[in-house]
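> task: produce atomic coordinates for the following.
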Amino acid sequence: MQDTDKDQKIRIDKWLFFARFFKTRSLAAKEVSAGHVRVNSERVVKPATVVQAGDVLTFAQARQIRVVRIVAPGQRRGPAPEAQALYEDLKPTQEHKSENTVPQNPGYDGKGRPTKKARRDLDLNRSRALE
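Below is the predicted model of the structure:
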């Protein structure tokens, strides 16, 4: 008799690795051990914590907070489409962009640092704007 995906359980560090949220399983385990992962809004500190389909995970990834619902436990770390089938993202993509964007540096529209002449022009424009 074989278990269905709903009944199967898997370690949280393995699942985060299989779902491609972290590059290595040890990185996933470190994040869990540091207490940066929540399962069903409960803080988890043991990488061996068992999760199953239906659990909601909250954790930081890069500059954004990810909230995902586990759909399937997964059997291996496969290609990206296979990994994306393991979870459902609970935050719309528009929220990700608006909340987590870093403000751009003001002023210079060119690429890289301004030249000495461009810098003088910027200073001149700023002093005129203050008058």
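> tell me the helix or strand right after the worst-scoring helix or strand of the chain on mean pLDDT.
Of all the helices and strands that make up the chain, helix 93-99 has the lowest average by mean pLDDT, DSSP states H and E, namely a mean of 53. Using DSSP states H and E, the helix or strand that follows helix 93-99 in sequence is helix 116-130.
> for the spatially most central residue of the chain, which non-adjacent residue is spatially closest?
What sits nearest the mean C-alpha location of the chain, by CA atoms, centre = their mean, is residue 61, with 2.6 Å. In space, and not counting its chain neighbours, residue 61 is closest to residue 21: 5.8 Å by CB to CB, 6 or more residues apart in numbering. In short, each C-beta sits where N, CA and C put it, glycine included.
> tell me how far residue 59 lies from residue 71.
17 Å (CB to CB, to the nearest Å).
> which one of those two has more residues nearby?
Comparing residue 59 with residue 71 by neighbour count (other CB atoms under 10 Å), the higher total belongs to residue 59, at 20 against 16.
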